[in-house]
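I'll drop the sequence and a predicted model, then ask my questions.
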Amino acid sequence: MQALALAILLFPAAGGIFLGVFNWRGSRLLTAMVGPGVIWAAFVCVLILLGNNVDQDFTYWTWIRAGSFEVPFDILIDHLSLFMCLVITGVGGLIVTYAVGYMEHETDGSYARFFCYMDVFVLAMLILVLAGNTVFLIVGWAGVGLSSYLLIGFYYWRRSAVIAARKAFVMNVIGDIGMILGAFVLFVSYHQVVYLKLFPALPHTPDATTELAAFLLLVGGIAKSAQLPLHTWLPDAMEGPTPVSALIHAATMVTAGVYLVARFHPLYDATIYAHAAVAIIGAVTALFAASIALVQTDIKRVLAYSTMSQIGYMFLAVGIGAYSAGLFHLLSHAFFKALLFMAAGNVIHALHDDQDMRHYGGLWHDMRRSSVTFLAGSLSLAGIIPFVGFFSKENVLGEAFSRGDGLGYAVWFIGFVTAVLTGFYTGRMWWFAFWRPASEERPVAGHLHEAPLVMLVPVAVLAVLTTVGGFLQIKAIGGWALVDDFLKPVLGEERIRTNGLEYLATVLTLVLAALAFAAAYNFWIRGTWSPAGWRARYGWGARVLERKYYFDELYDWAFVRPLDRLAGFTDREDRSLIDTGAVDVGAYTERGAGALSLTQTGFLRSYVLVFVAGVVIAAVLVLWRASS
Amino acid sequence: MIAAAQVTYTAAQAWSDLAQIGPIVAVTVALLVAVVVDLLLPRGLRGPVVTVIAIVGLVSALAIAAYRLVNGYGGPAYFRFVSGDAFALFFEMLFALIGVLAVIVSSSYVRRRGLYEAELQVLTLAAIVGMMSLAAAGSLVTVFLGLELLSIALYVSCGYNRIELPSQESAAKYLIIGGFASAFVLYGMALIYGATGTTVLSDIATRVTSDSAGNPLLLLGVLLMGVGFAFKVSAAPFHMWTPDVYQGAPLPVTAFMSVATKAAAFAMILRVFNYGLGHLGPEWQVLLAFTAAASMVVGNLMAIVQASLKRMLAYSGVAHAGYILVGVLAGGRAGVAAVLFYLFGYVFMNFGAFAVVSTLSGPAGDGDLYEDLNGLAYRNPTLGVLMSVFMLSLAGFPPMVGFFGKVFLFTAGISAGWTWLVVLAVLTSVVSVYYYFRVLFHVWSPLPEAPVRFAFGPVRGPVTVVLLAGVFAVALGPLSGFLLQVGLNGAAPLLSGR
Amino acid sequence: MGPATIVFWLASAVALAGGLGVVLFKEPIRNVLSLVLVMLSLAVLFLLLSAQFVFAVQVIVYAGAVMVLFLFVITLLGPVREQGTVRLPWQIFISAVVIAAFAGFLVAMLRGVSYRTPDAADPIFGSVQSIGVGLFTDYLFPFELTSILLLVAAVGC
Amino acid sequence: MLIRRNPLVMLICIELMLNAVNLTLVAFSRQLNNREGQLFALMTMTVAAAEAVVGLAILVDIFRVRDLEDVDDLSELKG
C-alpha cells in the first residue's frame, strides 16, 4: 500500500517528465496516450487504496532534520485526501481525455507541451492534497500556482494571455506568502509541521496565535480560490485553453482553499474570528460574483464568475463548520462546472474560438448533444431538482439556516439571494446562447459540426454524474448522506438538523431559482421586459457590474502604479537623489562639450559618501544599543 | 636569555600542521607550478596547460578536504592561527568546487574574447587560497591577510581586460572602495586587539565576556569591522560598488566573484562575530540587522529596474546577502547550518546563472541584456531549461534548493526571535519573483525576428559547467537533509566553545 | 617634560600637519610628499614606542620604496592639478556633515574608554630578535600568506 | 576620499588610513607589552605595499587607455 500511495504521485510525474523531456518531437499518438493515461493510472491507484480502506500516514524518508525541525516526506492517506484525489484524478482524467480532441489543432511540440503541463499540474495538485505536513503542502501549493501560470500563458504569443498569466501568478504568490507565514506561525508556536502531530498540539480555546495562523492560511486560501479581494485573476485566466479552464479554474485548483480550511479544521474550529471570516468572505464573494456574471458576454467569463460564486458557497459552508457539506458542493461543482466548461468548449471549438455569447444562438438545432449536456449543467448550477447542484447547494444553505445564530441566518440570506441571481444568469446563458435563433454575427454560418467522440464521451459521463450524483447525499428529502459518512473519520460528525423550517427555506430557494431561470427567457428571448430598457434606466449599475466593481482599476491605482513609481525612484537614487542637480549639469555638459557625456552617475566619490553615511547610521544604532 | 630557545617546533608538529591546511597547500602548489609553467612554456601552450594544472590542484584540494571531513580529522594548527576544522573543510570544498567551475568557464570565455588565459587562472587560484585561509582563519591576522589576498587577486582579475575601459573602471572602483573598506576592517581589528591583547579568535572568545560589552574599544571595533564585512558581502548601504564592478568585470570573474567572495565573507563573519565575539551578540546584531533589512529592500527594488542581467544579478546578490544575514543573526546551530546550506545552494544557482550569460558573449562583447536571452530555450534547450531552474531557485520557488535554503534561514530567524526581519524577508522575496520571472519571459519568448546579437561560439565547456551547476542546484533540493547535516557538522566547531 | 615627550609632541604635530596636507593639497605631488612626511614622523613615533624593527621597515620599505613608486607614477603621468568641479556640487557639503557626525560619534564612543591591564613585561620587547622569533613561530602562517600576496601583486602588475 | 577626485590621491589617502592603523597597533603593542601588535603592523605594511602596487598598475593601465584627469570620469558604469 505504501508503494501504491507513492504511485499516485509517480504516474503523473513520469508522464510530465516523459512528455517534457523525451517527447517534444515524438509521436502525437503516444502523447495522446500518455497524457491522459497516467492520470487514469493514478485514478486506479486511488480506487485500489479506497477499496482497501487505507487510512494511514506513510513516511518514506526524513527529508530534513535539524534539531527540533524535522520534515519527513510523508503522504497522508485518509478519507479527506482520498476524496480529493478522486475528484482530481477522476474529473481530471475526463478533462485531459477531452483535451486530446480539443487541442488537436496544435502543432506536435505544443501538443506535447500542453499535456506535459497538464500532468505537472495534476502532480502538484496531488502533492497539495496528499502532503502530510505543511512544508509539502507549500510545495504543492506553489507548484499548482506555477503550473497554472504556465497553462494560462499557454498561448504565449498572445499578449493578453501572458499578462493574464502574470496577474494570476502575482495574486497566487501573495497567497503563497500568507500561506508560508501561516505555516511559520504554526511551526514557531507548536514546533510541528506534520499534521498528525500538529493538530493534537493545537489549543481548543481561541487565542491570538491560532487566530493569526488561521487568518494567514486563509490569505493563501482566498488567493488560490479567487475569493474577495484576491479574485481578479480568475476571469482573466480564461485566456488559457478551455480544458485548462475546466480542470484548473473550475474543478481542482480553485477549490484548494476549501480543502485547506477543511484540512485545517482543528485550527479553524479553535478560532472564532478567522472562522467567521471564512464564512463571510465566502458569502460576500458568492453574491458579488453572481452579480457580475449577470452582465458578462463572454461565455467563459460567465462561467468563471459563476465558479467564484460557487466557491463562495463552499467557503460559506466550511466557514460555518459544515465541512462535509462544503466538500460535497466541491464534488458536485467539479461535476457540473467541468461539464459546463467542456460543453461550452465544444461550442467554442465548433465556432472557431469565438467566445462571445452574442454571436451564438441556434445551437439547440445544430449541436443537440452538447446542448443537452449543457442544459443538465445549467440546471444543476441553478440548483434545480434533481440535479446534483440542487442537493449540494441545499445542503450548504440548510446547514447555514439550521445553525440558528445571527451569522447562520446572515450567510443563509446572502446565499439565498445568490441562488436566485444564479438562476437568472444561468438562464440567460442558456436561453441566449443555445435556445435563441442563430445570430447573424455567428462566425460559422452553415451547419455546425458536433464535437468528435473523444470530446463527447467525457462530457456525457459528466452529464450522467451531474444528473444522478445528487443521490449520494439526499438530506433534503430526508434520505441518506454518503458523503458525510465517508468523511466522518476526518471531519467529525455533522450536526443533526433539528430545525424544520429549513425545508421551507429549501423549497423557497428552489422555486425562486427556477422562476428566475424561467424569467430569463422572458427577458432575453421574448423581450417582454427589454434588457435595453433596464439598461437605460440603470446604466450606472450596468457599468459598475461591467467594470467588475472597478477592482482592477483600484489595484492599479493602489499598488501597481505606486510600486512602479517607487522602483523608478530608487532607480534614480544613484543618479540624482544623491547627486542633486548632477543630471542637469551632466546634460548641460553634454550639450556644451559633446565628448564629456559619460558623467551622470557611477561617481566613486558618492559611493564612498554613501558608505560613510552608512557607517554613521550603524554607529548610531550600535551606540543606541549599547546605551539602552 | 632569549625566548627563542624555548620554542620547540618538531618535524612531527610541522607535518601535522601542514596536513591541517592540506587543501590550501594543494592549491598553493598548483599556483606556484602554474606561475613557473607560465614563464617556461611557449605562448600557445600556456593557457591549456595552466588550466589543467589549476583543475588538478583544485580537484586534489577537494579530495583532501573531503577525505579529512569524512574521517573527522581537523583541528587548530600553526599556534591556533589557522584551523582545519569541519567548518574550514566545508568551505574549502565549496571553494574548490567553485574554482573548478570558474576555471572551465573562464578558459572558454577568454578564448572567445581573445584574451590571455594563463594569468587569469593564476589569479583565480590565488583568490581561492585567500578564501580558504579566510574560512580556516584562527586569528584576526589570518582573516585580514586572507581577505586582502582574495581582494587583491580579484582587483586584478576585474581589470583583466586591459584594453576595455569598463573593465578598468570596474577594477579601479573596486580597488579604491575595497581598500577603503579594508582600512575600516583593519582599524576595527586593531581596536579589538587593543581591548583583548590578542588576535587569536579562541582567546578573544574567552577574554570577551558579556559584561565587557560596555567597553568602547570593543564597541568601536565591532562597528568598524562590521561595516567592512558588510561591504564584502555587498550588503546595503555598503553595496554601491557591486553593480558597477559586476558589470564591468569580465563575465567569468563576475560569476566567480559574486558567489565565492560572498561565501568567503560570510565564513569570515561567522568566524569573527559568531565565534570570536559571540558574547557581544547584541552589539553586532543590531548592526547586521540594519544592513540585512536595508539590503533586502534596496537590492530587490533596484533589481526590478535593471536592463542588464549582470546588474540585475548584482542587486539580487545584495538582496541575498540580506537573507543570509538573517541566518547569521539567528546564530546557534540552526542558524549557522542554515547559512552554510544556503551558501552552498546559492553558489551553484548564481554561478550557473552567470555561466549561462557568459555563453552569450562573443568577440564583440558580453551579451548581458535581457533581450539577448530571447528565445534561448529554443536556441539551446539545455541552457534554457537550466536558466529557468536557476531563476526559480533564486526566487526561492519550491522544490528548488533556494526554497529549502530560505525555509531553513527563516525558521532559524524566527526561532531566534527575528520575526520582523523574517517577515520583511518573505515580503521582499516575493518582490524578487517579479524580476526573476522577467528573465523566464525572455528565455521562453519566441525566437526574435532580428538576427541575434550574439551567436553561440564554442561553448561546450560552459555548458558542462552550467549542467553541473544545474544538477547541483536541483539535486540539492531532495538532498537537502544530507547537506544540512554536513552544514551542522561544519557549524559545530564554531559553537563548541559555548 | 623629558626629551622623549618633546620628541613625541613634535612628531605628532608633524604627522597631523602631514595628514592635513595629504587631504587638502591639490597637486598629487604635494599629497605624496605630505604622506612621506607623515610616514617619517610615524617612524619616529614607532621608535618612541620601542618598535625598532617596525621603525626600520617603515623608513626603508614604506617611506622609501612604496612612496618612490607613487612619485614615479605621478611623474610618469604628468602632474595634474585638480580643477574646480561642476559635478556633484553638494558632495563637499554633505561630506562635511557626514564626517562631522562620524567624528562626533567617535568621540562619544571613546569617552570613558578603559584599557586592558598589560601583560607581564618582556625583556626583549620590540627588539628585532623578538620580532624574528614571532614571525617564524606564531606568525608563520600569516607570514607565508604575505608571500603569496606579494606574488599575486607581482603577477598582477 | 570624499573630496579628492584624483584616483591617485584616493590611493594615497588609503595609505594614510593604513598608517593610522599601524600607529594604533604599535601603540597598543607597547601599552600591552605584547609583540603581536608590531607583527600585525608589519603584515599591514606588506598588504599596503601590495595594494599600492596593484592600484598603481590599474591606474596606469587606465591612463594608457584614455586620458583621465578625474575620478569622476570613471562613471561609465552606472544605473
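That came through, no problem. Please read these numbers as outputs of a predicted model, since none were measured by experiment. Residues are numbered from 1 along each chain as shown, chains lettered A, B, ... in the order given.

from here on, just use CA atoms for contacts and neighbour counts.
Noted.

and stretch C:147-157, does that touch chain D?
Yes - against chain D, stretch C:147-157 shows contacts by CA under 8 Å from any CA of the partner chain at C:Leu149, C:Leu150, C:Ala153, C:Gly156, C:Cys157.

next, the first one: secondary structure please.
Just to be clear, that refers to C:Leu149. In three-state terms, and counting by DSSP: H, G, I helix; E, B strand; the rest coil, C:Leu149 is helix.

OK, contacts around it?
B:Glu148, B:Leu149, B:Ile152, D:Val47, D:Ala50 (CA atoms under 8 Å, 6 or more residues apart in numbering or on different chains).

who are the packing partners of the strand or helix carrying the first one?
Just to be clear, that refers to B:Glu148. Taking DSSP states H and E as the definition, B:Glu148 sits inside helix B:140-158. Contacts defined by 3 or more CA pairs under 8 Å, 6 or more residues apart in numbering or on different chains; DSSP states H and E place helix B:140-158 against helix B:118-136, helix B:165-196, helix B:251-256, helix C:140-156, helix D:36-65.

now the ones you listed as TSV including mean pLDDT?
Listed next are those as TSV, based on pLDDT from 0 to 100:
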stretch	mean pLDDT
helix B:118-136	91
helix B:165-196	89
helix B:251-256	89
helix C:140-156	88
helix D:36-65	87
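
before we move on, the earlier item: can you put the contacts of C:Leu149 in a markdown table and add neighbour count and distance to B:Leu69?
As requested, the contacts of C:Leu149 are arranged in a markdown table below (neighbours: other CA atoms under 10 Å in any protein chain shown; distance: CA to CA, whole Å):
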| residue | neighbour count | distance to B:Leu69 |
| --- | --- | --- |
| B:Glu148 | 27 | 27 |
| B:Leu149 | 31 | 25 |
| B:Ile152 | 30 | 29 |
| D:Val47 | 22 | 32 |
| D:Ala50 | 24 | 34 |
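
tell me the one of these nearest B:Leu201?
B:Glu148 (18.4 Å; CA to CA).

burial count for the residue lying closest to A:Val459 once chain neighbours are set aside?
Nearest residue to A:Val459 in three dimensions, chain neighbours excluded: A:Leu339, at 5.8 Å (CA to CA, 6 or more residues apart in numbering or on different chains). Neighbour count for A:Leu339, taken as other CA atoms under 10 Å in any protein chain shown: 34.

distance check, A:Leu339 against chain C.
Distance of A:Leu339 to chain C, computed by CA to the nearest CA, to the nearest Å: 68 Å.

that residue: what's it in contact with?
Contacts of A:Leu339 (CA under 8 Å, 6+ apart): A:Ala246, A:Thr373, A:Phe374, A:Gly377, A:Val459, A:Leu462, A:Ala463.

give me the buried entries from those.
Using 16 or more other CA atoms under 10 Å in any protein chain shown as the burial test, these include A:Ala246, A:Thr373, A:Phe374, A:Gly377, A:Val459, A:Leu462, A:Ala463 as buried.

re the thing from before, tell me which of the helices and strands packed on helix B:140-158 sits most buried.
helix B:118-136 (a mean of 29; mean count of other CA atoms under 10 Å in any protein chain shown).

pull the helix or strand with minimum mean pLDDT from chain A.
helix A:582-593 (a mean of 32; mean pLDDT, DSSP states H and E).

who does the very next helix or strand once past it touch, helix- and strand-wise?
Per DSSP H and E, the first helix or strand lying C-terminal to helix A:582-593 is helix A:604-627. Applying 3+ CA pairs under 8 Å, 6+ apart, one finds that helix A:604-627 contacts helix B:165-196, helix B:216-232, helix B:281-304, helix C:91-110.

7 Å instead, please
helix B:281-304, helix C:91-110 (3 or more CA pairs under 7 Å, 6 or more residues apart in numbering or on different chains; DSSP states H and E).

just checking the longest one against chain D, any contact.
No - applying CA under 7 Å from any CA of the partner chain, one finds that helix B:281-304 is not in contact with chain D, the shortest distance being 9.1 Å.

ditto for the shortest one
Yes - contact between helix C:91-110 and chain D is present through C:Ile92, C:Ser95 (criterion: CA under 7 Å from any CA).

quick check: buried residues in that helix?
C:Gln91, C:Ile94, C:Ser95, C:Val98, C:Ile99, C:Ala101, C:Phe102, C:Phe105, C:Met109.

so where does the residue positioned nearest the centre of chain C fall, helix or strand?
Centroid-nearest residue in chain C, with CA atoms, centre = their mean: C:Met39, separated by 5.9 Å. Element membership for C:Met39 (DSSP H and E) is helix C:28-48.

report the mean per-residue pLDDT for that helix.
Mean pLDDT, computed over helix C:28-48, is 89.

still on that earlier bit, in what helix or strand does the residue nearest to A:Val459 lie?
Assigned by DSSP H and E, A:Leu339 belongs to helix A:323-350.

need the residues that contact the helix holding C:Met39.
With contacts defined as CA atoms under 7 Å, 6 or more residues apart in numbering or on different chains, helix C:28-48 is touched by C:8, C:11, C:14-15, C:18-19, C:21-22, C:25, C:54-55, C:58-59, C:63, C:67, C:71, C:74, C:79, D:9, D:12, D:16, D:26.

out of the residues you listed, which end up buried?
If we count by 16+ other CA under 10 Å, these have these buried: C:8, C:11, C:14-15, C:18-19, C:21-22, C:25, C:54-55, C:58-59, C:63, C:67, C:71, C:74, D:9, D:12, D:16, D:26.

I'd like the buried residues of helix C:91-110 as JSON lines, with pLDDT and distance to chain A appended.
Output for the buried residues of helix C:91-110, formatted as JSON lines (pLDDT from 0 to 100; distance: CA to the nearest CA, whole Å):
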{"residue": "C:Gln91", "pLDDT": "70", "distance to chain A": "7"}
{"residue": "C:Ile94", "pLDDT": "78", "distance to chain A": "8"}
{"residue": "C:Ser95", "pLDDT": "79", "distance to chain A": "6"}
{"residue": "C:Val98", "pLDDT": "83", "distance to chain A": "6"}
{"residue": "C:Ile99", "pLDDT": "83", "distance to chain A": "8"}
{"residue": "C:Ala101", "pLDDT": "84", "distance to chain A": "7"}
{"residue": "C:Phe102", "pLDDT": "83", "distance to chain A": "6"}
{"residue": "C:Phe105", "pLDDT": "80", "distance to chain A": "7"}
{"residue": "C:Met109", "pLDDT": "73", "distance to chain A": "7"}
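
for chain D, what is the nearest residue in chain C?
C:Pro118 (4.0 Å; CA to the nearest CA).

who touches the helix or strand that B:Lys310 is a member of?
In this assignment (DSSP H and E), B:Lys310 forms part of helix B:309-330. Here helix B:309-330 makes contact (CA under 7 Å, 6+ apart) with B:233-236, B:239, B:242-243, B:246-247, B:270, B:285, B:288, B:292-293, B:295-296, B:299-300, B:302-303, B:306, B:335-336, B:338-339, B:368-370, B:409, B:412-413, B:416, B:425.

on that earlier part again, now the residue of chain C closest to chain D, what's its secondary structure?
Per three-state DSSP, C:Pro118 ends up coil.

one more: the one 3 residues further on?
Secondary structure for C:Ala121, judged by three-state DSSP, is coil.

ok, it - how many residues close by?
Neighbours of C:Ala121 using other CA under 10 Å come to 10.

which non-adjacent residue is nearest it?
Closest to C:Ala121 by CA to CA, 6+ apart is D:Asn33, at 5.9 Å.
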